[in-house]
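A.B. asks: Kindly generate the corresponding structure for this input.
(4 chains)
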Number of protein chains: 2
Amino acid sequence: MCVNCDYRDLLESAGLEPTTNRVRVLEIIGNNQFPLTAADIFTTVERSHSINRVTVYRILELLVDHKLVERLSAGGRAAHYGLAPNDNHAPHHHFFCTRCGRMDCLNPGSLDLSSDRLRKTFSGEIERIEIRVDGVCRNCLKSSVH
Amino acid sequence: MCVNCDYRDLLESAGLEPTTNRVRVLEIIGNNQFPLTAADIFTTVERSHSINRVTVYRILELLVDHKLVERLSAGGRAAHYGLAPNDNHAPHHHFFCTRCGRMDCLNPGSLDLSSDRLRKTFSGEIERIEIRVDGVCRNCLKSSVH
DNA sequence: TGTTGTATGCAAATTAGTTGCATGTCAATT
DNA sequence: AATTGACATGCAACTAATTTGCATACAACA
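C.D. replies: Alright, predicted model coming up:
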């Protein structure tokens, strides 16, 4: 949840028209405390304003391409989308609960990756490193005890 | 590629019947130097023996559940399957080329992750940590220069 | 011999995402 | 004002990856 982000601004400073659909999609992603699937985002927008599924996918692709949003792969099939690191959002990694299928953000700094050795020796070009912790979330652990 | 693994043995010591289909699937995964998709595995088996697509999926699920094989997520596309760490296979992470869609294994130890801080503070249960490096592989870099 | 469990096959369904093409909208150009 | 072009969106159909339901086959067991 981000009180500091002006999503219209974010779009404009990325060189994108801040259309109502784009602002809505970006707001939903930004105001949520954990990453959402395209389907989640679609139904959330739909609750208040009509929008097409395809439009959501296209907006998500645009936002990812312009690095406003990060596409995260979950253990399952659907990609999840979260706000990309920016002035108000420190980079962080994610947790995926294999029981309930929900993703969560880990505290920035709770994982420490050093990729120096790889960067020195790797012959390709590195664009991004994604770390996903899989397991069972607190809620699911609780509800399995009875 | 593993000369040291007896796949029939691996299956049996996991408590699984070493059926010909299972041995074939596991062999293909184990003999390949990079992780493969279900479709790759299916076509490879098919080249010499008839098998059903669904059987491949079911065997893969079984092998993953019994921790003989690891399911790796590749940026939203098809899952890739590689041999799980065992006596002959040090744990390692993977590279995904966003250009050609191929996965590759990174040298064990080329990435160093310390998860102590997370493990101390995280309230859920951690089962697995997957790290994927995305970028452009050497081959694709080469072929884009002309 | 009958029954039960496990492995596989086949067809159809489902899920997640993509493509092609039509329409609307707005701004710049004639 | 009419014309053009660039986007943004919508709709229908499509594809890819996987899953489900149900049938069969075979082996072990009662």
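
A.B. asks: which element is the closest residue in space to residue A:92 that isn't next to it in sequence on?
C.D. replies: Leaving aside its chain neighbours, residue A:92 sits nearest to residue A:108 (4.2 Å; criterion: C-beta to C-beta, 6 or more residues apart in numbering or on different chains). No exception for glycine: its C-beta is placed from N, CA and C like everyone else's. Using DSSP states H and E, residue A:108 falls within no helix or strand.

A.B. asks: Residue A:108 is in contact with residue A:88, isn't it?
C.D. replies: No - judged on C-beta atoms under 8 Å, residue A:108 makes no contact with residue A:88 at a distance of 11.9 Å.

A.B. asks: Show me what counts as buried in the lowest-mean-pLDDT helix or strand in chain A.
C.D. replies: Using mean pLDDT, DSSP states H and E, helix A:138-144 stands out as the lowest-scoring helix or strand of chain A, at a mean of 88. For helix A:138-144, burial by neighbour count (16 or more other C-beta atoms under 10 Å in any protein chain shown) applies to residue A:140.

A.B. asks: got the contact list for the nearest residue to residue A:140 once chain neighbours are set aside?
C.D. replies: Closest residue to residue A:140 apart from its sequence neighbours, by C-beta to C-beta, 6+ apart: residue A:99 at 3.9 Å. Applying C-beta atoms under 8 Å, 6 or more residues apart in numbering or on different chains to residue A:99 gives the contacts A:136-137, A:140, A:144.

A.B. asks: List of residues touching the least confident helix or strand of chain A?
C.D. replies: Here helix A:138-144 has contacts from A:97, A:99-100, A:136, B:123-125, using C-beta under 8 Å, 6+ apart.

A.B. asks: switch the cut-off to 7 Å
C.D. replies: Contacting residues not belonging to helix A:138-144 are listed as A:97, A:99-100, B:123-125 [C-beta atoms under 7 Å, 6 or more residues apart in numbering or on different chains].

A.B. asks: which among these end up buried?
C.D. replies: For the contacts of helix A:138-144, buried by 16+ other C-beta under 10 Å: A:97, B:124.
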